[in-house]
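1. what follows is a predicted protein model with its sequence.
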Amino acid sequence: MSRNEQIWITRNYENCSGCRRCEIVCSLHHDGKIWPEASRIRVFMLVPGVEIPHLCFQCEDYPCVEACPVDALTVNSQTGAVNVDISKCNVCGLCIGACPGNVPHKHPEENYIVICDLCDGKPKCVKTCKKGKWNALTLDPREKKVSHKDPAKTPHELTYEVAKHLLGEETAKEVLSR
């Protein structure tokens, strides 16, 4: 992939082992320590055996960026990632509400929102997932003609879809209703 090509992290939820190495490497890269709560990727397990790596979907219309009243969020023209200017962010939360996947979240100690920045085009989460041979996360060119907003869902919605496929619809409904 060329350096000027926008990228997309493809998710194969059924391959996720729940090892959480993606969270670890992300927090090490961004915060210098193992701190999953500060990670830009979060792994949710709402049903045992169904692990959902959750990160920015890079919607083509970037509703989080549009919702920011202080212009703290911008789109990186090189990668397509959402960048957060922490000096401008006031943690109003409008970006969280605007995101169809509820992906942005407040940094656990600082006053700013965290969103995947694609590690300037070399996502550490993808590298560690590939190294472990899980391939739950893979790096692909971002296709402009494909909607990236369509797969943007909350962890609960994604868990239901994967559980339905793995366990059947009735079991998925029963387990998620508890």
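-> Good, I have the coordinates. Numbering: from 1, shown residues only.

2. in the chain, which spans are helices?
-> 21-31, 63-67, 94-98, 124-131, 155-167, 169-176 (DSSP state H).

3. quick one: the ones you listed as JSON lines, columns for mean neighbour count, mean pLDDT and distance to Thr138 too.
-> (C-beta placed from N, C-alpha, C; glycine too.) Formatted as JSON lines, those follow (neighbours: other CB atoms under 10 Å; pLDDT from 0 to 100; distance: least, CB to CB, whole Å):
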{"stretch": "helix 21-31", "mean neighbour count": "20", "mean pLDDT": "98", "distance to Thr138": "12"}
{"stretch": "helix 63-67", "mean neighbour count": "18", "mean pLDDT": "98", "distance to Thr138": "23"}
{"stretch": "helix 94-98", "mean neighbour count": "19", "mean pLDDT": "97", "distance to Thr138": "26"}
{"stretch": "helix 124-131", "mean neighbour count": "20", "mean pLDDT": "98", "distance to Thr138": "6"}
{"stretch": "helix 155-167", "mean neighbour count": "18", "mean pLDDT": "94", "distance to Thr138": "17"}
{"stretch": "helix 169-176", "mean neighbour count": "14", "mean pLDDT": "88", "distance to Thr138": "25"}
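
4. in JSON lines: those helices, plus distance to Pro104.
-> JSON lines is the format used below for those (distance: least, CB to CB, whole Å):
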{"stretch": "helix 21-31", "distance to Pro104": "14"}
{"stretch": "helix 63-67", "distance to Pro104": "6"}
{"stretch": "helix 94-98", "distance to Pro104": "5"}
{"stretch": "helix 124-131", "distance to Pro104": "17"}
{"stretch": "helix 155-167", "distance to Pro104": "13"}
{"stretch": "helix 169-176", "distance to Pro104": "24"}
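
5. straight-line length of stretch 101-115, end to end?
-> End-to-end distance for stretch 101-115: 12 Å, by CA to CA, to the nearest Å.

6. about what we covered before: Glu143 is nearest to which of the helices of the chain?
-> Of all those, helix 124-131 sits nearest to Glu143, with 16.9 Å by CB to CB.

7. that older thread, Asp117: which of the helices of the chain is closest?
-> Of all these, helix 21-31 sits nearest to Asp117, with 8.2 Å by CB to CB.

8. ok, residues contacting the closest one?
-> Residues from elsewhere that reach helix 21-31, judged by CB atoms under 8 Å, 6 or more residues apart in numbering: 33-43, 53, 114, 119, 124-125, 127-129, 132, 137.

9. now it against helix 124-131, angle please.
-> Counting by axes from the mean of the first three to the mean of the last three CA atoms, to 10 degrees, helix 21-31 lies at 140 degrees to helix 124-131.
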